[in-house]
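**Student:** After the sequence you'll find the predicted model.
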Amino acid sequence: MIIIVGLGNPGDKFKNTRHNVGFLAIDEFAKINNFEDFKLQKKFNAEISESGIEGKQIILVKPQTFMNDSGKSVSKITTTYKLPPTSLVVIHDDIDLPIGKIKIVKDRGSAGHKGVESIIKEIGSSDFIRFRIGIESQKPEIKNTKAKTIVLKNFSKDEKVLIDETIKKTAEAISYFLENGLEKTMNAYN
């Protein structure tokens, strides 16, 4: 069993912000792989969709906590299913990567990402896979703003075109990972 978590903030107010690319990517992955609609499961405080791919049971998760508390939801799921951190894949925004870039890593620190930090704290390990999606703005007026402010901004029209392509590329990379494993995926997409 593999748990794939897309990070974001719940609610329409945050729907198209930079911080929500994890939600966007997991929605795209669910769509291209014909997963059922996400349903809220209160016991996990998350929206969940399940299916099988490549002979593996896959649980897609969108925590309905705010970003900084994502680990609480993830911990409840991994504990309930008695899964080790190595069964976890997390998709999230990364302010240190340019828009259009994805980077796949395993067993790394949070690098200041509060959602990832929360997951590491709650499950007691960083030994999971992360699909990092670049959200860094090229606009000087945004680029020099504090990270906390940037992640809650929407994408410009030009950036939106790039991020839409990146979301599709990320969904494809996740599918490729499920079929070919981590090493081949990192070689193909990093």
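**Tutor:** Happy to help now that I have it.
**Student:** Tell me which other helices or strands the longest helix seen in the chain touches.
**Tutor:** In the chain, ranked by residue count with DSSP state H as the criterion, the top helix is helix 157-180. Judged by 3 or more C-beta pairs under 8 Å, 6 or more residues apart in numbering; DSSP states H and E, the packing partners of helix 157-180 are helix 21-32, strand 88-98, strand 102-106, strand 129-136, helix 182-189. Every C-beta, even on glycine, is put in place using the N, C-alpha and C of the backbone.
**Student:** Mean confidence (pLDDT) on the helix or strand following the shortest one, please.
**Tutor:** Moving toward the C-terminus from strand 102-106, the next helix or strand (DSSP states H and E) is helix 114-123. Mean per-residue pLDDT for helix 114-123: 96.
**Student:** Out of the helices and strands packed on helix 157-180, flag the one nearest Gly8.
**Tutor:** Among these, the nearest to Gly8 by C-beta to C-beta is helix 21-32 (3.5 Å).
**Student:** Off-centre distance for that closest one?
**Tutor:** 9 Å (C-alpha atoms, centre = their mean, to the nearest Å).
**Student:** In that helix, which residues are buried?
**Tutor:** 21-30 (16 or more other C-beta atoms under 10 Å).
**Student:** residues contacting Asn33?
**Tutor:** 51, 53, 175 (C-beta atoms under 8 Å, 6 or more residues apart in numbering).
**Student:** which among those residues end up buried?
**Tutor:** 53, 175.
**Student:** What is the lowest-pLDDT residue among the contacts of Asn33?
**Tutor:** Ile53 (87).
**Student:** re earlier: which one of the contacts of Asn33 is nearest Gly100?
**Tutor:** Using C-beta to C-beta, the contacts of Asn33 come closest to Gly100 at Ser175, 19.3 Å.
**Student:** where does this structure dip in pLDDT?
**Tutor:** Counting by pLDDT under 70, the ranges of the chain that qualify are 137-152.
**Student:** how about the helices and strands packed on helix 157-180, which one is nearest Ile167?
**Tutor:** With C-beta to C-beta as the measure, helix 21-32 is the member of these nearest Ile167 (5.0 Å).
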